[in-house]
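1. After the sequence you'll find the predicted model.
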Amino acid sequence: MRNARSLILGVCLASLTAAGAAQAAKNEAPAKPQTEMEAAFAAANAVAQHGPGEVKLGDQAMLELPKGFVYVPPRESGKLMHAMGNRTGDDLLGLVFPASDENWFVVIRFDPAGYIKDDDAKDWDADELLASLKAGTEEANKERAARGISAVEVVGWVEKPHYDAASHQLVWSIAAKDKGQPDTADQGINYNTYALGRHGYISMNLVTDRKLIGQYKAAARTLLANLDFNDGKRYADFDASTDKVATYGLAALVGGVAAKKLGLFAALGVFLAKFWKLIAIALFAGGGVLTKVFKRRKEGDIAA
């Protein structure tokens, strides 16, 4: 039964942007999707850190990982993302999953963009930001098309941008779907949280189904609240005489820069919306695929 559940999970996850994954690997000798997924989950399980505990995020920050949360380091996270049809770079700091059967995960990244000035936050217009985000997404779709990946489009705000000037943290959320599909089609969620630092920003993007965002967004906010930049890396440590200043402000981070990465999270979110029913069948039949996948090594169950 355990192997059957793992097979269902592997098939479901491997279905994500299958055409895109095939195109991206056209000149390589790709592993079979199911085999790659199983290997990626096995590697993740071998190094997974269960909360509560501290997680070091590169040389930038520490994350207090709560009980019930599971952290996967960058290398193994990269394998998981690749197995799901997405490319990753050196900016990936890891993934966070629930230790339960909940339908979400969080992608953690650091962008060394430099010090981002936040003085434009008080003047931004949500409608203008949304229009800019939609336009940026259309531009990003050109790159997606070149890679053989289907285009996505922004549906609208789920949560309008909110910036806390005291903590230098930004939260916003949009819904997205495959381009050209009706509004009733499956929609993915980008629930984006950002923490600004001295040399750039850390983003923690919650991926889930739109129908479940109200239930799971607390997980993203908890992680954001538990993030603390290291001494000398905080926003307040900025030194104008020596430090790099980002070429864009906070509004552009929402309306422009984010659009370039929207395709990744939209595709992941739409995937969860489409295939979670199949995963749920596996959960119902066997008592928790994701829990099994990330079970502690001491319990002797590293079958993914």
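-> That came through, no problem. Residues are numbered from 1 along each chain as shown.
2. Please, where are all the helices along the stretch 201-304 of the chain?
-> Taking DSSP state H, counting those that start in this stretch to define them, one finds helices in the stretch 201-304 of the chain at 213-225, 250-252, 258-286, 289-293.
3. contacting residues around Trp104?
-> Counting by C-beta atoms under 8 Å, 6 or more residues apart in numbering, Trp104 makes contact with 98, 206-208, 212, 216, 219, 272. All C-beta spots, glycine's among them, are computed from the backbone N, C-alpha and C.
4. make that Glu76, sorry
-> Applying C-beta under 8 Å, 6+ apart to Glu76 gives the contacts 40, 43-44, 46-47.
5. 7 Å instead?
-> Glu76 sits next to 43-44, 47 when contact means C-beta atoms under 7 Å, 6 or more residues apart in numbering.
6. On the three-state scheme, it is what?
-> Following DSSP: H, G, I helix; E, B strand; the rest coil, Glu76 is assigned to helix.
7. coming back round to it: of the contacts of Trp104, the lowest pLDDT goes to which?
-> Within the contacts of Trp104, Leu272 has the lowest pLDDT, namely 49.
8. re earlier: would you list the buried entries among the contacts of Glu76?
-> Neighbour-count burial within the contacts of Glu76 applies to 43-44; the criterion is 16 or more other C-beta atoms under 10 Å.
9. Rounded mean pLDDT for stretch 148-159, please.
-> Stretch 148-159 comes out at a mean pLDDT of 84.
10. residues of that stretch that come out buried?
-> Those would be 149-155, 157-158, for stretch 148-159 by 16+ other C-beta under 10 Å.
11. any idea whether Asn190 is helix, strand or coil?
-> On the basis of three-state DSSP, Asn190 is classed as strand.
12. Spit out the contact partners of Ala44.
-> When contacts are counted by C-beta under 7 Å, 6+ apart, Ala44 touches 72, 76, 80.
13. So what does it have for phi and psi?
-> phi -60, psi -40 (degrees, to the nearest 10).
14. Check it and give its pLDDT.
-> Listed pLDDT for Ala44 reads 86.
15. Identify all contacting residues around stretch 171-181.
-> Outside of stretch 171-181, the residues that reach it under the criterion C-beta under 7 Å, 6+ apart are 133, 150-162, 185-193, 210, 213, 254, 262, 266, 269-270.
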